[in-house]
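In: Mind looking at a prediction? Sequence and model below.
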Amino acid sequence: MTDHREVRASDYDRERVAEMLRVAVTEGRITLEELDERVDGAYTARTLGDLDDVIADLPRSDVLSPAGPTAALVTLSGADVLQLHTRSGRVEQVGHWVVPERMSAKAGRWGKVRIDFTQAQCPHREVVLDIEITSWFGDIVVVVPRGWRVRDEDVLRRWLGSVHNHPPVPLAPDGVTVRLTGYVQTGDVWVRYRRAAT
């Protein structure tokens, strides 16, 4: 049987370690300089043993157990939090759907999340959307009807992370506020305002 440390690392394994390092820097376990050095080591690692060495002094829970292909996840938990998470694929919430009060959107490397509210039924005056983009080329697209407002002042932008949000009109009397929280490490959040379909 092949020793764990000799197994070739996948892109998903490297991405999981890079994410663990990003969490470690936010927790104060490593410095920004160490983050840069270790992330480089993670992305150039050839084996799981190489990745083990990058995170040897950090707490972990089977980060490098062999994993299958990445997959998008769309779930609604018992607490009515809609989760749209993808490591490297594409996941969408579009068409006719009922908007919960809380949502979560996460995109990893090459991950794309699209949330379109234009045909959705929203019983709330405010919706909280927690976002997280942790890797290069991740994107989250939020499409809302004109007259809604997306507020992004609670989003932490790190390094190359950006939020592109330019509301064309003020909040309408019957409009909904979508409040973004969370952080964008690298990648982009795009907010689009669309006229309602006639």
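Out: Yep, it's here.

In: Going by C-alpha atoms from here, please, whenever you check contacts or count neighbours.
Out: Noted.

In: where's residue 96 relative to residue 136, distance?
Out: Distance from residue 96 to residue 136, counting by CA to CA, to the nearest Å: 31 Å.

In: Between the two, tell me which one has more neighbours.
Out: Neighbours per residue (other CA atoms under 10 Å) separate residue 96 from residue 136, with residue 136 holding more: 17 against 12.

In: and the gap between that one and residue 87?
Out: Residue 136 is 11 Å from residue 87, where distance means CA to CA.

In: same question, residue 23
Out: 16 Å.

In: and these two? which has more neighbours close in?
Out: Using other CA under 10 Å, the more surrounded residue of residue 23 and residue 87 is residue 87, with 25 against 15.

In: wait, that one sits on residue 111?
Out: Yes - in this structure, residue 87 is within contact of residue 111 by CA atoms under 8 Å, at 5.7 Å.

In: Could you list the low-pLDDT ranges of the chain?
Out: Across the chain, the ranges flagged by pLDDT under 70 are 1-4, 60-80, 196-198.

In: can you map out the strands along it?
Out: Secondary structure of the chain (DSSP state E): strands located at 73-76, 81-86, 90-93, 102-107, 112-116, 126-133, 139-145, 149-157, 162-164, 177-184, 188-194.

In: so what's residue 93 closest to, chain neighbours aside?
Out: Of all residues not flanking residue 93 in the chain, residue 115 sits nearest, at 4.9 Å (CA to CA, 6 or more residues apart in numbering).
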